[in-house]
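> Fold the stuff below for me.
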Amino acid sequence: MKMKDAATEFLSEKRIAVTGVSRHPETHSSNTVYRRLRERGYDVFAVNPNADEVEGDRSYHDLRSIPGGVDAVVIGTRPAIAEETMRECAELGIKRVWMHRAFGQGSVSEEATRYGRERGVAVIDGGCPCMFEPTADPGHKVMRVLGTFTGKVPREV
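Predicted structure coming up:
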């Protein structure tokens, strides 16, 4: 599937968890994603096993703790944690997962990607939800072009 189509499907979900949202938001891309989804009207849930509150909102220690569950997850943690999160998503029946990556390794884990796809999860392995409508901004659109050129944003998933 083309990346743009996968992003559209992912962003059509309204209950989205974001893992890796930090108590120290100034340097964390997960916080940017979390805030943008919240600003755009999504029912968004912060996940951080070490925090009860982030960005002025309640934080959940894991996906299982979110009342009513979620339809999609943005993984914004280290790749090793991404594998653990993907297993939790598969167990909970969450069918859409986006592993964030703008620069470097980001949250992308080949093992997590394989594991999720083998279990029917639609996995986006790179890029950022803020690069696509309806959550995009001009800076992220430029990053999407550069990321696609450098391979950090996949052309197909």
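
> Please make it C-alpha for all contacts and neighbour counts, starting now.
Noted.

> Give me the phi and psi for the most centrally placed residue in the chain.
Centroid-nearest residue in the chain: residue 74, 1.5 Å away (criterion: C-alpha atoms, centre = their mean). In terms of degrees, to the nearest 10, the main-chain angles of residue 74 are phi -100, psi 120.

> ok, it to residue 149 distance?
Computed as C-alpha to C-alpha, to the nearest Å, the residue 74 to residue 149 distance reads 22 Å.

> and if you look at residue 93?
Taking C-alpha to C-alpha, one finds residue 93 at 33 Å from residue 149.

> out of those two, which sits in the more crowded spot?
residue 93 (16 against 12; other C-alpha atoms under 10 Å).

> Check the gap between the closest residue to residue 66 other than its chain neighbours and residue 46 for me.
Excluding the flanking residues, the one nearest residue 66 by C-alpha to C-alpha, 6 or more residues apart in numbering is residue 60, at 6.5 Å. Shown here: residue 60 relative to residue 46, a distance of 6 Å by C-alpha to C-alpha.

> quick one, which of these two is more surrounded?
Between residue 60 and residue 46, counted using other C-alpha under 10 Å, the more crowded position is residue 46 (30 against 22).

> I'd like to know how many residues surround residue 133.
Neighbours of residue 133 using other C-alpha under 10 Å come to 13.

> swap in residue 150?
Using other C-alpha under 10 Å: residue 150 sits among 11 other residues.

> and if you look at the one 4 residues further on?
Other residues within reach of residue 154 by the criterion other C-alpha under 10 Å amount to 18.

> isn't it right up against residue 126?
Yes - here residue 154 reaches residue 126: they are 6.2 Å apart, a contact under C-alpha atoms under 8 Å.

> ok so, going back, what are the bridge partners for the residue nearest to the centre of the chain, then?
residue 18, residue 98 (DSSP bridges).

> Hmm, it is touching residue 101, no?
No - between residue 74 and residue 101 there is no contact under C-alpha under 8 Å: 10.6 Å.
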